[in-house]
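**Student:** Predicted model, plus sequence, below.
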Amino acid sequence: MDSHIDLRGASGDVYRYRWADGDPAMTPTGGNFVYVIMDGETPRVVYVGASPSLAAGTRERWAEAVSRHGATHLFVRLNVASAAREHERSDLVACQRPVMNEIAPADRS
C-alpha cells in the first residue's frame, strides 16, 4: 500500500493525504483527516473530518468508524487555516459522500 492517497473533491480539486500509520506522536497542528477502508489500492472514504488539532480530532470518532463501518486506515493532511480546512472538508464530503458524514449527530447511537 502506498503511504499517500489522492482524493478528489466536488470542485475537481485533488487533495493528497498521508497515511498516519497509528502515529502516537500525531501533530497538534490543524488539518483534515479521513477514515478509509482500503479495498486493494482503492480507498473508500467513510468519514472526512477537520480539526484545529489533528492529535485530538483524529481520535474523536475512530472507534465508531472501525466498529460500525469497518474503517482500516487513517490519513491526514496539514491545513493550518480553519477556513481552508472547512472548505476542503465540505468539498470532499460533497464528492465522496462518506457514510459517517451523512449520519446526523443525533442519529449516532
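**Tutor:** Good, I have the coordinates. Numbering: from 1, shown residues only.

**Student:** quick one: contacts for Gly9?
**Tutor:** Taking CB atoms under 8 Å, 6 or more residues apart in numbering as the definition of contact, the neighbours of Gly9 are 15, 88, 91-92, 94-95. All C-beta spots, glycine's among them, are computed from the backbone N, C-alpha and C.

**Student:** Tell me the buried residues within those residues.
**Tutor:** For the contacts of Gly9, burial is judged from neighbour counts taken by 16 or more other CB atoms under 10 Å, and it is met by 15, 88, 91-92, 95.

**Student:** returning to that earlier point: widest-spaced pair of the contacts of Gly9?
**Tutor:** Considering CB to CB, no two members of the contacts of Gly9 lie farther apart than Tyr15 and Ala94, which are separated by 12.8 Å.

**Student:** Show the pLDDT at the residue nearest the centre of the chain.
**Tutor:** Centrality entry for the chain: nearest residue to the mean C-alpha point is Val34, 1.3 Å, by CA atoms, centre = their mean. On pLDDT, Val34 comes in at 96.

**Student:** Make 58 the first number, not 1, from now on.
**Tutor:** Renumbered: residue one is now 58, and that last one reads Val91.

**Student:** Which single one of the contacts of Gly66 is nearest to Ser139?
**Tutor:** The shortest distance between Ser139 and any of those, using CB to CB, involves Glu145 and amounts to 10.8 Å.

**Student:** for the closest one, helix, strand, or coil?
**Tutor:** helix (DSSP: H, G, I helix; E, B strand; the rest coil).

**Student:** give me the element the residue lying closest to it once chain neighbours are set aside is part of.
**Tutor:** Counting by CB to CB, 6 or more residues apart in numbering, Glu145 lies nearest to Asn89, which is 5.2 Å off, once chain neighbours are set aside. Assessed by DSSP states H and E, Asn89 sits inside strand 88-96.

**Student:** which stretches of this structure form strands?
**Tutor:** Remark: strands assigned in the chain by DSSP state E are 61-65, 71-76, 88-96, 99-108, 130-135.

**Student:** Out of those strands, which gets nearest to Ala122?
**Tutor:** Ranking these by proximity to Ala122 (CB to CB) places strand 88-96 first, at 4.1 Å.

**Student:** Paired strands for the closest one, with orientation please.
**Tutor:** The strands beside strand 88-96 in its sheet (DSSP bridges) come out as strand 99-108 (antiparallel), strand 130-135 (antiparallel).
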